[in-house]
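Asks: Pasting the sequence and the predicted coordinates here, then a few questions.
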Amino acid sequence: MGRRLQAGPRTPRAAARPPLDFAMFTGLIQDIGSLRRTERQGDDLRFEVQTGLDTSDFSLGESVAVNGVCLTVTDFSAGVFGADLS
């Protein structure tokens, strides 16, 4: 007959987590924009995104997530915002 292995002391099970009754994130995708223009500036890339969002609510330096990447608004006008990539 083979050897019997004995497990070490049991660790208590983690307490069950209560169900979440709130939404952690809302409005992740607010719009699908279009790349309108790109421009090389040395090693960087400046681009403009056309969007259906109300850009009058934007401000310079605001962070906008595009495909999960946070970009800083460098300029904006009606329906368009610009950002730099380094």
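Replies: Looks like it arrived, so ask away. Residues are numbered from 1 along each chain as shown.

Asks: Give the bridge partners for Glu48, please.
Replies: Taking DSSP bridges as the rule, Glu48 bridges to Arg37, Gly82.

Asks: Make 51 the first number, not 1, from now on.
Replies: With the count now opening at 51, the last piece we talked about shows up as Glu98.

Asks: Please tell me I have it right and it contacts Phe131.
Replies: Yes - shown here, Glu98 and Phe131 form a contact pair, counting by CB atoms under 8 Å, at 7.1 Å. All C-beta atoms are positioned from the backbone trio N, CA, C, and that covers glycine.

Asks: Report the buried residues of the worst-scoring helix or strand of the chain on mean pLDDT.
Replies: Every helix and strand of the chain was ranked by mean pLDDT, DSSP states H and E. The lowest is strand 113-116, at a mean of 86. By 16 or more other CB atoms under 10 Å, the buried positions in strand 113-116 come out as Val114.

Asks: Compare Glu98 and Phe131 (neighbour count), which wins?
Replies: Looking at Glu98 and Phe131 with other CB atoms under 10 Å, you find the greater number of neighbours at Phe131, namely 24 against 20.

Asks: Tell me how many other residues surround Ala128.
Replies: 7.

Asks: now swap in the one 5 residues further on and tell me
Replies: Ala133: 20 surrounding residues under other CB under 10 Å.

Asks: and what of Val119?
Replies: Counted with other CB under 10 Å, Val119 comes out at 9.

Asks: now it: how far from Asp94?
Replies: Using CB to CB, to the nearest Å, Val119 is found at 15 Å from Asp94.
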